[in-house]
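# Here is the input, now give the coordinates:
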Amino acid sequence: MQAELSAGQTIVITVDGYGSNCGPFQLNIKGPRISSQPYAGRYWSFNTYAYTLLFMRHMNDLGYVSPISSSIDKLDATFKIVNGLADPQCLSFEARSHPGRFLRHFGYRLVLNSPDGSILFRQDATFCMKRGLADLSYLSFESYNYPGRYIRHRGNELWVEPGGGDPYAADATFKLVSPWSP
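Presented below is the predicted three-dimensional model:
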């Protein structure tokens, strides 16, 4: 099957599995990428959809969501959107508090690392912006090298995971807001 999507359209595919390790599952595919170009080169913060007091941030080189209060929190919750290290149509998150270091997934956990020159690093640190999975006026960030896996918070930790349903969609949806630390 081949279909063309426009922004905001969703396709839900349900597959019934066979065998002891297979079961029914759904694959939700949101519309096309949103260009990061209008946002690139500037600092931003990212508010969670379901918990309006929580913001994406790094702490001790790991990705989290948390309330923001101290000046260190504000720096750690501010990222520069740069052209994706693996694809300029996507984006990478450069830490305001540690220029030259980027959020990437490692074992699907979001971590803050310096580039090591590898193709894998560039791919792990690249995310494609899409309309929000829970609300089309928000944003979701799909892994460049693992399509169908989005940045989402599980508890207060940031992961790149697949999923479906309303709770997953809410946890994988963020609002771009003015930076805590311009």
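# K130 belongs to a strand, doesn't it?
Yes. K130 forms part of a strand when assessed by DSSP: H, G, I helix; E, B strand; the rest coil.
# residue ranges for the strands of this protein, please.
With DSSP state E as the criterion, the chain has strands at 11-15, 25-29, 43-48, 55-59, 62-66, 79-83, 91-95, 102-106, 109-113, 127-131, 139-143, 150-154, 157-161, 174-177.
# could I get the ones you listed as JSON lines with mean pLDDT?
Output for the strands of the chain, formatted as JSON lines (pLDDT from 0 to 100):
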{"stretch": "strand 11-15", "mean pLDDT": "47"}
{"stretch": "strand 25-29", "mean pLDDT": "46"}
{"stretch": "strand 43-48", "mean pLDDT": "97"}
{"stretch": "strand 55-59", "mean pLDDT": "98"}
{"stretch": "strand 62-66", "mean pLDDT": "98"}
{"stretch": "strand 79-83", "mean pLDDT": "97"}
{"stretch": "strand 91-95", "mean pLDDT": "98"}
{"stretch": "strand 102-106", "mean pLDDT": "98"}
{"stretch": "strand 109-113", "mean pLDDT": "98"}
{"stretch": "strand 127-131", "mean pLDDT": "96"}
{"stretch": "strand 139-143", "mean pLDDT": "97"}
{"stretch": "strand 150-154", "mean pLDDT": "97"}
{"stretch": "strand 157-161", "mean pLDDT": "97"}
{"stretch": "strand 174-177", "mean pLDDT": "96"}
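# do you know which of the ones you listed lies nearest I119?
Proximity to I119, assessed across those by C-beta to C-beta, is greatest for strand 102-106 (12.4 Å). Heads up, the C-betas are built off the backbone N, CA and C, glycines and all.
# Just the C-alphas of the closest one, formatted as PDB.
What follows is strand 102-106, C-alpha atoms only, in PDB (Å, rounded to 0.1, in the frame of the first residue of the first chain):
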ATOM      1  CA  PHE A 102      24.400  17.300  22.100                       C
ATOM      2  CA  LEU A 103      21.500  15.200  23.200                       C
ATOM      3  CA  ARG A 104      21.700  11.800  21.600                       C
ATOM      4  CA  HIS A 105      20.200   8.400  22.400                       C
ATOM      5  CA  PHE A 106      22.500   5.700  23.700                       C
END
